[in-house]
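Engineer: take this sequence and fold it.
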Amino acid sequence: MAYIDLPKELPGIRGPMAFRPETAKPLNELAEVLLRDDNNTLTRGERELIATYVSSLNDCFFCQNAHGGIAQHYLQCDMQFIDAIKKDYTAMPISDKLKSLLSIAASVQKGGKYVTAEQIENAKTEGATDKEIHDTVLIAAAFCMFNRYVDGLGTWAPQDREIYVQRGPRRAEEGYIDFDLYK
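Structural biologist: Got it, this is the predicted structure:
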């Protein structure tokens, strides 16, 4: 049960966003730019995967599964693949560039000062651009905030992970701006 009086039918971040739509608007605009903007050389799937990975490090069940479902849709993979990346991305068949960016994201999750010059140099060596590094850091930082928003208010989340997989394509199509919180 949520710590404050949130709409009981809305799980995860949807409840707090319905509670304070004036704060939901800029948060959703940020998510839209970071995760869906087409003026980016990281794919939508890669950006959703970064959000998923950081959310898993923060143990935010709702966010890691909601964004994991969207990442699955974009990356055309299954839940086991996403789970394996969350467990040990270094052993997975993803690009070395994405591995280097996930390393940076993991450091940001601990705290901004955990990111090292060596990690940045490695990412650049693997082909990451300054914008990709910037966006990785900002996605990781934003999802630390989103995760704390969801969990700090004690929101509930459906435990059936298949629900998130089924919702992934719709959320990918609708995006994060002006979607109906009640659907």
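Engineer: show me what stretch 37-46 is in contact with.
Structural biologist: For stretch 37-46, the surrounding residues in contact (C-beta atoms under 8 Å, 6 or more residues apart in numbering) are 35-36, 47, 50, 71, 73-75, 98, 101, 129, 131-132, 135-136, 172. Yep, even glycine has a C-beta here, placed from its N, CA and C like the rest.
Engineer: please redo it, this time with the cut-off set to 6 Å
Structural biologist: Contacts of stretch 37-46 with the rest of the structure, by C-beta atoms under 6 Å, 6 or more residues apart in numbering, involve 36, 71, 74-75, 98, 132.
Engineer: which SSE is residue 162 in?
Structural biologist: Under the criterion of DSSP states H and E, residue 162 resides in helix 161-174.
Engineer: which parts of that helix are buried?
Structural biologist: Within helix 161-174, the residues that count as buried by 16 or more other C-beta atoms under 10 Å are 161, 164-165, 167-168, 171-172.
Engineer: now the helices for this protein?
Structural biologist: Along the chain, the stretches classed as helices by DSSP state H are 14-19, 21-36, 44-57, 61-75, 79-88, 96-110, 117-125, 130-152, 161-174.
Engineer: check the offset of the first one from the chain's centre.
Structural biologist: So the one you mean is helix 14-19. 18 Å (C-alpha atoms, centre = their mean, to the nearest Å).
Engineer: same check on the second one?
Structural biologist: The chain centre lies 13 Å from the centre of helix 21-36; the measure is C-alpha atoms, centre = their mean.
Engineer: please begin residue numbering at 15 from this point
Structural biologist: Sure, I'll start numbering at 15, so the last one becomes helix 35-50.
Engineer: that one - contacts with which helices or strands?
Structural biologist: Packing partners of helix 35-50 (3 or more C-beta pairs under 6 Å, 6 or more residues apart in numbering; DSSP states H and E): helix 58-71.
Engineer: show me the shaky parts of the chain.
Structural biologist: Along the chain, segments meeting pLDDT under 70 span 193, 195-197.
Engineer: geometric centre of it: which residue is closest?
Structural biologist: Residue closest to the average C-alpha location in the chain (C-alpha atoms, centre = their mean): residue 65, at 2.1 Å.
Engineer: many thanks, have a good one.
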